[in-house]
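S.K.: Have a look; sequence and predicted model below, questions after that.
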Amino acid sequence: MIIIGGRILQILIMLVSIRILTTLLSPEEVGNYYLALTILAFFNLVLLNPPGMYFGRHLLHWQRSQNLLNAISVFIVCMIVVAVVSISILAILFDISNYDEKYSFEIFALFIVLAMVISTTHRNVMYGSNTLGYRKEFVIFLIITLVLGLIFSSTLAYFYKASSLSWLFGVIIAESLILYFIFRFFIQGNKLDIQKIKDTITRERVKKILIFAVPIGITTFLMWGQNMSYRFIVDYKYSAEILGYIAVGLGISSAVFSSLEAIAMQYFNPIFLKDILDATKEKRAKAWNKMARLLIPLYILAMVFTIAMAEVLITILVDSKFYDSYIYTMVGASIEFFRVITNLLNNVSQAEHKTTYTIKPYVVGFLVALVILITFDFSENLVMIPLALSFAYLLVCVAMYIQMKRLLDIRLEADYLKVFALSVPFGAIYLLPTSSSVVQSLGYLGLFGGYFLLANWVMIRNTKGNI
């Protein structure tokens, strides 16, 4: 109940944020907002996510041996070094592009450095607290951070400057204020031991970390390329304004799936990590299968719900100037479905410490998406841009399943007939009058949103005996 209640609040805050963001910022600035996030995501996913995942994978072990503060200290030093190096990469990017017309280099570099150090530390410590079992504290810190972030971002955008960086700096300010308190809570019972850190950092240990992290870095680069590089292409070939419309539409479907995935993984990931701790290969496969058996039906229902409610969600969640983006939300539902299933499959490689197996699927998806978007001109039919991304992610999902099947005896089992039966009632939205106001749209959302929760409960009720 703590998890669900906290996530409901998180979703509400996130939805309000989208509405305020699209109201205060112009479509061009919204495009610049997503472009800035894309650049930041490159550094986070490619350079910081691999050691971060190693940190998360061994979190329980470090807590048990009281080395948690030592481990997070090394991770923070790593983040600072990467942040400094990123400035040089940014300088090259600004030199070969027209981004100096969108952002001040000095201010943008400051944003990247602060986000890489403060936001990454905040995120890892906060979600690490959940992994350690402190769910109540996790929810409290998360909600406070989101509320403060919305307040500071809105204030800066409204009173100072209605720009993408104003909004993003508001988020960092909120994370900075909360970081001290959550960090103290996270490291309780642990002491810093410099000598122990020196003794631990051996050639063998570094080699082990690199073997785990480098393939993840390559994989996440390919993920970033497939998921976000389209923003560079759209901004260059078309305009920041068009990017804003597409990104907002895809952002709505992403919000739905990210919320559901976050709730699911917040609950199941700690259980999964405990199930595979010192477990045999057969038990590790069983641990993944029982997690997938419940999550796959929920993800299918989420895809159907998002497609059916796309027009309603756009009416409620974004400013009226972005109404036509609902078509991108419908396509985005399929993109998100393939993404979350791929993420679910990705857990197998991490459980087996064989992360190189994830590279090939993302190579396929990245190259397919890149070739299609660069080769073809979709000026007259912009919906083909997200359709190309959806096709690419379908290929990734299929290829990932084939690769993970080689590591563990995984099975995509579910009661698909029941899922289909539960999905049919969503079609009733097309028999109702088109929603012409926010109030009417809220009524539709309440009706079908309530049914969506009921359908999820039915699936959980019928499968919980096997969990």
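M.R.: Yep, that arrived.
S.K.: so what are the domain limits for the chain?
M.R.: Per automatic domain parsing, the domain ranges recorded for the chain read 1-201, 215-467.
S.K.: Convert stretch 74-85 to PDB, retaining C-alpha atoms only.
M.R.: Listed next in PDB are the C-alpha coordinates belonging to stretch 74-85 (Å, rounded to 0.1, in the frame of the first residue of the first chain):
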ATOM      1  CA  VAL A  74      34.200   5.400  -4.900                       C
ATOM      2  CA  PHE A  75      31.100   5.800  -7.100                       C
ATOM      3  CA  ILE A  76      30.800   9.500  -6.400                       C
ATOM      4  CA  VAL A  77      34.500  10.000  -7.200                       C
ATOM      5  CA  CYS A  78      33.900   8.200 -10.500                       C
ATOM      6  CA  MET A  79      30.900  10.500 -11.300                       C
ATOM      7  CA  ILE A  80      33.000  13.700 -10.600                       C
ATOM      8  CA  VAL A  81      35.700  12.500 -13.000                       C
ATOM      9  CA  VAL A  82      33.200  11.700 -15.700                       C
ATOM     10  CA  ALA A  83      31.500  15.000 -15.200                       C
ATOM     11  CA  VAL A  84      34.700  16.900 -15.700                       C
ATOM     12  CA  VAL A  85      35.500  14.900 -18.900                       C
END
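S.K.: Quick one: distance of that stretch to the chain centre.
M.R.: 22 Å (CA atoms, centre = their mean, to the nearest Å).
S.K.: Can you mark which positions in that stretch are buried?
M.R.: Applying a neighbour-count criterion of 16 or more other CB atoms under 10 Å, one finds Val74, Phe75, Ile76, Cys78, Met79, Val82, Ala83 buried in stretch 74-85. C-beta here means a position set from N, CA and C on the backbone, and glycine is covered the same way.
S.K.: Can you tell me how far the first one is from Phe185?
M.R.: If I follow you right, that is Val74. 20 Å (CB to CB, to the nearest Å).
S.K.: doesn't Ile18 make contact with Gly251?
M.R.: Yes. Between Gly251 and Ile18 there is a contact at 6.9 Å, judged by CB atoms under 8 Å.
S.K.: Who has more neighbours out of the two?
M.R.: Gly251 (23 against 20; other CB atoms under 10 Å).
S.K.: follow-up on the earlier one: ok, so of the buried residues of stretch 74-85, who is nearest Leu394?
M.R.: Leu394 lies nearest to Val82 out of the buried residues of stretch 74-85, by CB to CB, at 32.7 Å.
S.K.: Now do the SS call for the closest one.
M.R.: Under DSSP: H, G, I helix; E, B strand; the rest coil, Val82 falls in the helix class.
S.K.: now swap in Leu192 and tell me
M.R.: With three-state DSSP as the basis, Leu192 sits in coil.
S.K.: Identify the residues contacting it.
M.R.: Leu69, Asn70, Ser73 (CB atoms under 8 Å, 6 or more residues apart in numbering).
S.K.: among these, which are in strands?
M.R.: Of the contacts of Leu192, none are assigned to strands by DSSP state E.
S.K.: buried ones in the helix or strand harbouring His122?
M.R.: According to DSSP states H and E, His122 maps onto helix 120-131. Buried residues in helix 120-131, counted by 16+ other CB under 10 Å: Thr120, Thr121, His122, Asn124, Val125, Met126, Tyr127, Gly128, Ser129, Asn130, Thr131.
S.K.: Thanks again, I'm all set now.
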